[in-house]
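Novice: here is the input, now give the coordinates:
(one chain, ligands or ions: 2)
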Amino acid sequence: MTKSVADYLSARFEKRKDGCWMWVGSVNAQGYGRAYVDGRSARAHRVSFATWKGALGSDEEIRHSCGVRLCVNPDHLTKVDREVTDRKTYLLERVSVTDQGCWEWTEYVNKAGYGRCFLKGQTWFAHRLSYAIHKGDPGLGFVCHTCDNPKCCNPDHLYLGDNDTNMADKARRERHPFMRFTRVDVARIRSRRASGELLRTIAEDYDTDESVICAIAKRRRRTA
Ligand SMILES: [Zn+2]
Ligand SMILES: [Zn+2]
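Specialist: Ligands and ions are numbered 1, 2, ... in the order given. Reported below is the predicted structural model:
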C-alpha cells in the first residue's frame, strides 16, 4: 500500500539541483501539488510527508522549509509544532480586528488595558503571547505597541523594546491618559460618576488618577 503510494509520487516529481522535488502532476488553486490517493484528492506534499516521514493528522500543519509549494521532498517538510498551532488558534479566536488593523483582545482586560489570558495552566499577557507565537519568546524583554493600543495583539504592531522604550511608551500614554479608555469604559465611568460614586473609588478601579476620571466625567457635562 505505502509502496504503491511511493511509486505514485515518485512518478510525479522531478528532482531539481537545489534539492527540491518539483511536483509535475496537477496543481490546486493555492499552488500546491494535488495527489489522488485511494480515490481521494490530497495535497501532494502532505501525502509525501505521510508516506516517507510518518503519520499526519488532518489538523496538523506542514511547512516547507524551502518555501516552494510544489516541492514534495520530505526533507524540506516539517510539521509545525502542535503547541504553536494550538496557541495561534486560541489567540485568533479571541481577537477582533479594528479598522486600524489592531487585533483587539476580546476577553479579560486588566486595569492598565492589557489583555490577559489563561492557557494550559499559564497566565499570559495576550500581546506577549502573540509576540511569542509569531516572533519568538520575548524572554524578559518588554513587548511594546507601535499603535498605542494595549489591547492589540497584532504581531505587526508589536516590537521588542528595552526598559527605556517601555518607559517612553508609558510616558507617552501618560501624556495622553485617555488613550487607553475604550468607549465602553468612558460610558461606564460617566454613569458611575453621574450616580455619585467617588472619583477616588473609580480611579482605583482603573488604576489611574482622580484627575483623569474627573476629566472624563467632565467632558460629558461639556458635551451634554
Ligand atoms: Zn524544496
Ligand atoms: Zn494595534
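Novice: helix or strand right after the worst-scoring helix or strand of the chain on mean pLDDT?
Specialist: Every helix and strand in the chain was compared by mean pLDDT, DSSP states H and E; the lowest is helix 163-175, with a mean of 65. Along the chain past helix 163-175, the next helix or strand (assigned with DSSP states H and E) turns out to be helix 183-194.
Novice: which strands and helices sit next to the helix or strand following that following helix?
Specialist: Next helix or strand after helix 183-194 toward the C-terminus (DSSP H and E): helix 199-205. Judged by 3 or more Cβ pairs under 8 Å, 6 or more residues apart in numbering; DSSP states H and E, helix 199-205 is in contact with helix 183-194, helix 210-223. Backbone N, C-alpha and C define where each C-beta goes, glycine included.
Novice: three-state assignment of the residue positioned nearest the centre of the chain?
Specialist: For the chain, Ser130 is the residue whose C-alpha lies nearest the centre (Cα atoms, centre = their mean; 4.4 Å). Assigned state for Ser130: helix (three-state reduction, DSSP: H, G, I helix; E, B strand; the rest coil).
Novice: pretty sure it contacts Cys102?
Specialist: No - using Cβ atoms under 8 Å as the test, Ser130 is too far from Cys102 to be in contact (11.4 Å).
Novice: what touches both of the two?
Specialist: Asn154 (Cβ atoms under 8 Å, 6 or more residues apart in numbering).
Novice: what about Asp59, distance to Asp86?
Specialist: Using Cβ to Cβ, to the nearest Å, Asp59 is found at 10 Å from Asp86.
Novice: cool, Ala50 as well?
Specialist: Ala50 sits at a distance of 21 Å from Asp86 (criterion: Cβ to Cβ).
Novice: ok, those two, which is more surrounded?
Specialist: Neighbour comparison, Ala50 and Asp86: the larger count goes to Ala50, with 18 against 14 (by other Cβ atoms under 10 Å).
Novice: name the nearest residue to the more buried one, sequence neighbours excluded.
Specialist: Leu56 (4.5 Å; Cβ to Cβ, 6 or more residues apart in numbering).
Novice: what's the answer for Asp185, then?
Specialist: Tyr206 (7.2 Å).
Novice: list the contacts of Cys153.
Specialist: Cys153 sits next to Leu91, Val95, Trp103, Glu104, Trp105, Gly115, Ala126, His127, Leu129, Ser130 when contact means Cβ under 8 Å, 6+ apart.
Novice: for the residue nearest to Asp185, the count of nearby residues, please.
Specialist: Tyr206 has 18 neighbouring residues, counting by other Cβ under 10 Å.
Novice: next, it: phi, psi?
Specialist: Dihedral angles of Tyr206 (phi, psi; degrees, to the nearest 10) stand at phi -100, psi 10.
Novice: residues touching it, list them.
Specialist: Lys111, Phe181, Asp185, Ile189, Val212, Ile213.
Novice: whichever of those end up buried, select them in PyMOL.
Specialist: Selecting only the buried members of those in PyMOL, with burial defined as 16 or more other Cβ atoms under 10 Å, works like this:
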select buried, resi 181+185+189+212+213
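Novice: part of a strand, is Leu160?
Specialist: Yes - counting by three-state DSSP, Leu160 is part of a strand.
Novice: my read is that it contacts Gly141, right?
Specialist: Yes - contact criterion Cβ under 8 Å: Leu160 and Gly141 qualify, at 4.6 Å.
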